[in-house]
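Participant: Next one to model:
(one chain, ligands or ions: 4)
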Amino acid sequence: MTAPRIDGTRLLNRIKRLGAVGALPDGGVCRLALTDEDRTGRDLLVIWMRELGLEVSIDAIGNIWGVRAGIEDGPPVMVGSHVDSVATGGLYDGVLGVMTGLEIAAALDDAGTRTRKPFAVAAFTNEEGARFAPDMMGSGVHQGALDLSEMLATVGIDGAVLGDELRRIGYAGDIAPRSLVPAAFLELHVEQGPVLEREGVRIGAVTGVQGISWTEFTVSGQSNHAGTTPMAMRHDAGLVAARIAVEARAIASDFGPPQVATVGLVEVEPGLVNVVPQTARMTVDLRNTDNERLKAAEARLREAAARFAAEEGCAVTARSLARFDPVAFDPTLVDRVENAARQRQLGVRRMPSGAGHDAQMFAPNCPTAMVFVPSVGGLSHNINEHTEPHDLVAGAEVLLDVVLDLLGE
Ligand code: HGY
Ligand code: MN
Ligand code: MN
Ligand code: MN
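Facilitator: Ligands and ions are numbered 1, 2, ... in the order given. Predicted structure coming up:
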């Protein structure tokens, strides 16, 4: 009996094949949640799961998981992530975690290994939140952090209703949320930041995920002639949006790391060169590992937005698109990730995650941990996202080692 081992070529081939779905002309992918490209990626995943003999389930928000039976019944050890992407996505964000789950199932089969516990591989709906906010939506519903009917009614940036899109692509399953709490949940993911590469460390033993706050501001002013309207008579919604953006940046510099602030979207109407903007819509993404600091940042931003609007004679509304508290992973499981890396003579360091992940939705309900591998140049949510093949495989091997221990217990 040989021990299960990762077949790096097979893993990299699956990543490559999924990367052809929604491929962009200059590299990278666009598989926005519940689009045709996402459906094609999902279909390929289900084919692979079935080829591996996994028992496939699809729940009411389209989460997909495949289970490999164990000697005993009961909750599986689950490995998961996502296959949807942002519009300028890379090949590895989310995909690495799901493909590694398939690879672990294949490695178990190759070795003829029967495990005490069942093993599950999962892909969660709309982890990115780019088309339909909030992010980590599928895993949030799966684990009870988000309400199914509320999420099904979500309207996307293109006006589509999430539930309609789910039915349209054929992934409206009938399994209710919270149908499965795994024995443990693990996610392998590219770091998406510069830390591991900068320090020359191969593996990140992720200790948790920082708090996330997404707010949409809508400013209403008055369109007017750009040439004839004195500055004191204007109600310039565009100016208010610009001041909010500058304030977001000031918050990040005043609070200092790890506080970050991102203005990802700014739209002004009518958006014409000679018309004072009537309305402006923008999003601000604030994150911090410390929840109290994040709340202070949110309060400062909303107070400033109201003040800027009042000074300009405009109205402003703020709508929360996502709000997740910081999450800590199971320290003993983080230890296992660290030890597994060391056993393989891989440099490893503990670190929080700057990005949100499906794993954070499992952390309150079962032992959860994540493994990071370096992102070249710290790039992600960018078509040039890259992780060296040997690092992708090393991450998968560390995950395999941790999962094998858990499957046998
Ligand atoms: O926004 C995030 O951190 C994740 O990529 N959804
Ligand atoms: Mn991701
Ligand atoms: Mn992402
Ligand atoms: Mn993730």
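
Participant: ok, for A183, nearest residue in space, not its chain neighbours?
Facilitator: P75 (4.3 Å; CB to CB, 6 or more residues apart in numbering). Backbone N, C-alpha and C define where each C-beta goes, glycine included.

Participant: for the one you found, what are its contacts?
Facilitator: Neighbouring residues of P75 by CB atoms under 8 Å, 6 or more residues apart in numbering: K117, P118, L180, V181, P182, A183, C366.

Participant: now swap in N339 and tell me
Facilitator: N339 neighbours (CB under 8 Å, 6+ apart): none.

Participant: Ramachandran angles for it?
Facilitator: With angles defined as degrees, to the nearest 10, N339 sits at phi -70, psi -40.

Participant: and the gap between it and ligand 2?
Facilitator: Noted for N339: a distance of 25 Å to ligand 2, by CB to the ion, to the nearest Å.

Participant: Tell me how far that residue lies from V348.
Facilitator: 9 Å (CB to CB, to the nearest Å).

Participant: where does the stretch 301-409 of the chain have low pLDDT?
Facilitator: Of all residues in the stretch 301-409 of the chain, none has pLDDT under 70.

Participant: The chain too?
Facilitator: 1.

Participant: residues from it in reach of ligand 1?
Facilitator: Residues of the chain found near ligand 1 (CB under 6 Å from any ligand atom) are E127, E128, G129, D135, A355, G356.

Participant: now the closest residue to ligand 4 within the stretch 101-250 of the chain, nearest residue through space, not along the chain?
Facilitator: Residue nearest to ligand 4 within the stretch 101-250 of the chain: H189 (5.0 Å; CB to the ion). Excluding the flanking residues, the one nearest H189 by CB to CB, 6+ apart is G97, at 5.4 Å.

Participant: I'd guess that neighbour is in a strand, am I close?
Facilitator: No - under DSSP: H, G, I helix; E, B strand; the rest coil, G97 sits outside any strand and is assigned helix.

Participant: and the gap between it and ligand 4?
Facilitator: 6 Å.

Participant: Does that residue touch L188 like I think?
Facilitator: Yes - using CB atoms under 8 Å, G97 makes contact with L188 at a distance of 4.7 Å.

Participant: show me what contacts the residue of the chain found nearest ligand 4?
Facilitator: Going by CB to the ion, ligand 4 is nearest to H357 of the chain, at 3.3 Å. Neighbouring residues of H357 by CB under 8 Å, 6+ apart: S81, E127, M136, E187, H189, V209, M370.

Participant: Can I get the helix or strand where the fourth one lies in CSV, CA atoms only?
Facilitator: Secondary structure assigned from DSSP states H and E places E187 in strand 184-190. What follows is strand 184-190, C-alpha atoms only, in CSV (Å, rounded to 0.1, in the frame of the first residue of the first chain):
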residue,chain,number,x,y,z
ALA,A,184,-13.2,20.1,9.9
PHE,A,185,-12.8,22.6,7.0
LEU,A,186,-9.6,23.5,5.2
GLU,A,187,-8.9,25.9,2.4
LEU,A,188,-5.8,26.2,0.3
HIS,A,189,-5.5,29.6,-1.3
VAL,A,190,-3.0,31.9,-3.0
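
Participant: what element comes up after it heading to the C-terminus?
Facilitator: helix 195-199.

Participant: which strands and helices sit next to that next one?
Facilitator: strand 203-209, strand 348-353 (3 or more CB pairs under 8 Å, 6 or more residues apart in numbering; DSSP states H and E).

Participant: What about contact with ligand 2: does the shortest one have any residue there?
Facilitator: The one in question is strand 348-353. No - using CB under 5 Å from the ion, strand 348-353 never reaches ligand 2; the gap is at least 9.7 Å.

Participant: close to ligand 4, is that strand?
Facilitator: No - using CB under 5 Å from the ion, we find that strand 348-353 stays clear of ligand 4, coming within 8.5 Å at best.

Participant: Just give me how far the following helix or strand past that strand sits from the chain centre.
Facilitator: Using DSSP H and E, the helix or strand that follows strand 348-353 in sequence is helix 359-362. Its chain's average C-alpha position is 11 Å from that of helix 359-362, according to CA atoms, centre = their mean, to the nearest Å.

Participant: Check stretch 388-403 too.
Facilitator: Relative to its parent chain, stretch 388-403 has a centroid offset of 20 Å by CA atoms, centre = their mean.

Participant: can you list contacts of that stretch?
Facilitator: Counting by CB under 8 Å, 6+ apart, 4-6, 8, 11-12, 15, 77, 79, 92, 96, 100, 103-104, 107, 119, 186, 188, 202-203, 333, 336-337, 340-341, 343-344, 346, 369, 371-374, 376 sit against stretch 388-403.

Participant: Would you check how far apart the residue of the stretch 201-350 of the chain at minimum distance from ligand 2 and G159 are?
Facilitator: Closest contact between the stretch 201-350 of the chain and ligand 2, by CB to the ion, is at V209 (11.1 Å). Going from V209 to G159 by CB to CB gives 30 Å.

Participant: about what we covered before: what's the overlap in contacts for G97 and L188?
Facilitator: Common neighbours of G97 and L188 (CB under 8 Å, 6+ apart) are V79, S81.

Participant: Tell me where the stretch 101-250 of the chain has helices.
Facilitator: In the stretch 101-250 of the chain, the helices defined using DSSP state H, counting those that start in this stretch lie at 137-142, 148-152, 162-168, 195-199, 237-255.
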